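A.B. asks: quick one, fold the following:
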Amino acid sequence: MTMKSIYVGNLPFSASEDELRTMFASYGNVQSVKIVTDRDTGKPRGFAFVQMDADRAGTAVQELNGRQMGGRTLRINEAQERAPRSPR
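C.D. replies: Okay, the predicted model is just below:
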């Protein structure tokens, strides 16, 4: 089964990977949830990526984009490939 990566932005800093897994699980099989943290402080940066079944991801994005979580409006869309970084 093909997996699709979904970007979840504007997350409250209190959000947990379990909360996100539960939110997306009602739309299909969730393979992984990764809340992105700051490399130096270890604190959440306010966004995450959810990997789930490709055939169900579109519905999840449509249904969940704009949902409230912890007083914040979530921005949810299909994740884009990261542009290559230039060497330092």
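A.B. asks: how far is the longest strand along the chain from where the chain is centred?
C.D. replies: Ranked by number of residues, the top strand in the chain under DSSP state E is strand 44-53. The chain centroid and the centroid of strand 44-53 are separated by 2 Å under Cα atoms, centre = their mean, to the nearest Å.
A.B. asks: please apply the same query to stretch 59-79.
C.D. replies: 9 Å.
A.B. asks: which residues touch it?
C.D. replies: Counting by Cβ atoms under 8 Å, 6 or more residues apart in numbering, stretch 59-79 makes contact with 4-12, 14-15, 19, 23-24, 27-28, 49, 52, 57-58, all of which sit outside it. Bear in mind the C-beta positions are built from the backbone N, C-alpha and C, glycine included.
A.B. asks: could you identify the buried members of the residues you listed?
C.D. replies: Applying a neighbour-count criterion of 16 or more other Cβ atoms under 10 Å, the buried members of the contacts of stretch 59-79 are 4-8, 11, 15, 19, 23-24, 27-28, 52, 57.
A.B. asks: so which of those are in strands?
C.D. replies: Counting by DSSP E, the members of the buried ones among the contacts of stretch 59-79 that fall within strands are 4, 5, 6, 7, 8, 52.
A.B. asks: from residue 17, how far off is the first one?
C.D. replies: Going back to what we said before, that points to residue 4. Distance of residue 4 to residue 17, computed by Cβ to Cβ, to the nearest Å: 18 Å.
A.B. asks: where along the protein do the helices fall?
C.D. replies: Taking DSSP state H to define them, one finds helices in the chain at 17-25, 54-64.
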